[in-house]
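*Asks:* Predicted model, plus sequence, below.
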Amino acid sequence: MAEVLTVTRLSSGYGELPVLHGVSFDLRDAEVLCLLGRNGAGKTTLLKTIMGLVPATAGSTQLRGRELTRLSAHEVPRAGIAYVPQGRRLFAEMTVAENLEIGLMARQKGHATRERVLDLFPVLRERLRQRSGTLSGGEQQMLAMARALCLEPEVLLLDEPTEGLMPSMIARIREAVAALRAEGVSTILVEQRVDAVLAVADRVLFLENGRSRDVLDVATVRADPAMVRRYVGVG
Amino acid sequence: MTDRAFAPTLALHLGVIAVLAVLQFVLPDYHHGLLARIMVLAIFAMGYNLLFGYVGLLSLGHAMFFSAGLYGAGLPVFHLGWGVPAAFAAGIAAGGLLALLVGVLVLRTTGVAFMIVTMMFAQAFYLAILYFAPWTKGSEGFVLPQAARAIDIAGARWDLTSPSMRYWTALLLFSAVLALTLYVARSPYGRVLVAIRENEERTRMLGYDTFATKLLAVVLSGAICAASGAAYVLIFGYAGSTLASIQYSILPLLWVLLGGAATTLGPLLGTVFMYYVIDVASGYTTAWLLIVGIVLILLVLFFPRGVLGTIRERWVPWLP
């Protein structure tokens, strides 16, 4: 499988505080790569650095050979990477339809994209005129993902999408991630729930203290619970 | 807002313009003049609302854009004898250009810093007007000669010193700016402005250049406020430094807050309301500020999002 995103010796941090120390990995076409690590390992910072929200101090991020670290934060989504941050961050005063419209306009996508996204999350079709701030937690997460998918990204970054959701909603989010893989979208998923990771991931990247450690097939991870315990503390 | 909601929206806005047009035949002369002034100042409030209501940027310096239009139009007429159309265009250009220069600098700040920096720019502009008193006539100001405040169109004379012409001109400009605000509010650009107000980082993460979008909003807002200032000096014939003081930066904020931020008709409603509360209260007592204060407190208590903002939230969700 070809590599869609290549991260090489990427370092970044917040002011004087370094967080990532030379992280390297690649993301393949139509793959779900999960990031696992303890709190403070640098998972969210890695996603933000890829998006240009936290400036890289060294290293490179390339999307099909195009260097991303030199782009402004608003140019990264246009290049083909969409990010759904932790906590969803919808435009709460806007309706579901307006939230989707903002996503569609960003890359001049139209009706066909909107329909494809709504087919993936049918519950949103029934809520189009509802203010997004009044949706349930699970529906808000779906809307956040749907809005990101309106950009028709090649790579989707999901930061703890199942956090605080009830099991039925977690299952639907997981189904959506699997469906996206089938459509050819590559996903980097940050998750605290190991069971969710093992259910949906193709490979797992372990982060420890801002450094990339092992990158393993999910079958290997499943067969070695001690490894999960070592990096995450549970399993 | 969906397209289905556009018919009542259009009807409402045309209705308001029609009511304003009819009022000049109904109201006594005094209110006639007052309403013309209110419409011109409502344009100022609409310009302010574009930045404060839709983008969420609270400026305390919009008097500089209003007075840039005021002096940008007034000085060429007063010193160089320019005609009204050229002076009006110069006023808008002065405000737009000033907004571009100021915007590039002030948009590097947010929140309280944005308020303070805009206020400092406006104070510097105010002091510059006083400093260049030989040309601007400082706090005393200047009055444009009556003969200069007329437009000749194909042999016909549009005399801005005539009360009815003043009213029609104010109404025409007000209607044009109202249409522009409605267009912006409903446009994709307007949606992005609201998205920035809701969450700027999230908007940037969707691929929008939020700095450029906000800068355009500052320029548009500044140009509209300058149009109001230019119309003020050309219609009412007076320009003075008082109109560039801090009071004129706070007034549009108050009008917009009262009428309803991010509503198209809120600025008009707020301006009308404040003008008439002051007018009526000052007719009864010298302590009119006390009455104005009480009325403002009641309004904030019962209409926390301004009159139209609260009506939209509670009863009429399609209200733009």
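*Replies:* Okay, I see it. Numbering: from 1, shown residues only, chains lettered A, B, ... in the order given.

*Asks:* what packs against the helix or strand hosting A:Ala182?
*Replies:* Here A:Ala182, judged by DSSP states H and E, is contained in helix A:167-183. If you count contacts as 3 or more Cβ pairs under 8 Å, 6 or more residues apart in numbering or on different chains; DSSP states H and E, helix A:167-183 packs onto strand A:32-36, helix A:111-120, helix A:137-149, strand A:186-190, helix A:194-200. All C-beta spots, glycine's among them, are computed from the backbone N, C-alpha and C.

*Asks:* need the least confident one among the ones you listed, by mean pLDDT.
*Replies:* For these, mean pLDDT drops lowest on helix A:194-200, to a mean of 82.

*Asks:* Buried ones in the helix holding A:Ala182, by neighbour count?
*Replies:* Across helix A:167-183, burial judged by 16 or more other Cβ atoms under 10 Å in any protein chain shown covers A:Met169, A:Ile170, A:Arg172, A:Ile173, A:Arg174, A:Ala176, A:Val177, A:Leu180, A:Arg181.

*Asks:* Nearest approach to B:Met274 belongs to which of the helices and strands packed on helix A:167-183?
*Replies:* Proximity to B:Met274 (Cβ to Cβ) singles out helix A:137-149 among the helices and strands packed on helix A:167-183, at 39.4 Å.

*Asks:* which other residues reach that closest one?
*Replies:* By Cβ atoms under 8 Å, 6 or more residues apart in numbering or on different chains, the surrounding residues in contact with helix A:137-149 are A:82-84, A:88-90, A:96, A:99-100, A:102-103, A:117-118, A:120-121, A:123-124, A:127, A:132, A:135, A:156, A:158, A:161-162, A:164-166, A:168-169, A:172-173, A:176, A:180, A:185, B:206.

*Asks:* Using ChimeraX, define a selection of the buried residues within those.
*Replies:* Buried residues among the contacts of helix A:137-149 (16+ other Cβ under 10 Å), as a ChimeraX selection:
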select /A:82,83,84,88,89,90,96,99,100,102,103,117,118,120,121,123,124,127,132,135,156,158,161,162,165,169,172,173,176,180,185 /B:206
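
*Asks:* and stretch B:253-269, anywhere near chain A?
*Replies:* No - applying Cβ under 8 Å from any Cβ of the partner chain, one finds stretch B:253-269 separated from chain A by no less than 9.2 Å.

*Asks:* what do you get for stretch B:172-186?
*Replies:* No - applying Cβ under 8 Å from any Cβ, one finds stretch B:172-186 separated from chain A by no less than 11.4 Å.

*Asks:* Spatially nearest residue to residue 130 (excluding sequence neighbours)?
*Replies:* Went with chain A since none was named. When the adjacent residues along the chain are set aside, A:Gln130 lies closest to A:Val96, with 5.7 Å between them (Cβ to Cβ, 6 or more residues apart in numbering or on different chains).

*Asks:* nope, chain B please
*Replies:* B:Gly138 (5.1 Å).

*Asks:* just the buried residues of helix A:167-183 now: which is nearest B:Leu97?
*Replies:* Once Cβ to Cβ is applied, the member of those that ends up nearest B:Leu97 is A:Leu180, at 48.0 Å.

*Asks:* hang on, that closest one packs against A:Thr187?
*Replies:* Yes - between A:Leu180 and A:Thr187 there is a contact under Cβ atoms under 8 Å: 6.2 Å.

*Asks:* hey, what's in contact with both of these two?
*Replies:* With Cβ under 8 Å, 6+ apart as the test, A:Leu180 and A:Thr187 both reach A:Leu156.

*Asks:* Those residues of chain A touching chain B, which are they?
*Replies:* By Cβ under 8 Å from any Cβ, the residues of chain A that approach chain B are A:51, A:53, A:72-78, A:83, A:85, A:89-94, A:97-98, A:101-103, A:105-107, A:129, A:147-148, A:151.

*Asks:* one more time with 6 Å, if that's ok
*Replies:* When proximity is defined by Cβ under 6 Å from any Cβ of the partner chain, chain A lies next to chain B at A:Ala73, A:His74, A:Pro77, A:Arg78, A:Tyr83, A:Arg89, A:Phe91, A:Glu93, A:Ile102, A:Gly103, A:Met105, A:Ala106.

*Asks:* And the pLDDT at residue 15?
*Replies:* No chain in the question, so chain A it is. The model's pLDDT for A:Gly15 equals 87.

*Asks:* The intended chain is chain B.
*Replies:* With respect to pLDDT, B:Gly15 has a value of 97.

*Asks:* Tally up the residues packed near it, please.
*Replies:* If you count neighbours by other Cβ atoms under 10 Å in any protein chain shown, B:Gly15 ends up with 11.

*Asks:* And B:Ser245, by the same measure?
*Replies:* By other Cβ under 10 Å, the residues close to B:Ser245 number 17.

*Asks:* Who are the contact partners of it?
*Replies:* Going by Cβ atoms under 6 Å, 6 or more residues apart in numbering or on different chains, B:Ser245 touches B:Tyr126.

*Asks:* now the helices: where do they sit in the chain?
*Replies:* Defaulting to chain A. Assigned by DSSP state H, chain A shows helices spanning A:43-51, A:75-79, A:96-106, A:111-120, A:122-125, A:137-149, A:167-183, A:194-200, A:218-223, A:225-232.

*Asks:* think we crossed wires, I meant chain B
*Replies:* Under DSSP H, chain B gives helices at B:6-26, B:29-49, B:63-80, B:84-106, B:111-131, B:133-136, B:163-186, B:188-198, B:200-205, B:210-236, B:247-259, B:266-284, B:288-302, B:307-314.
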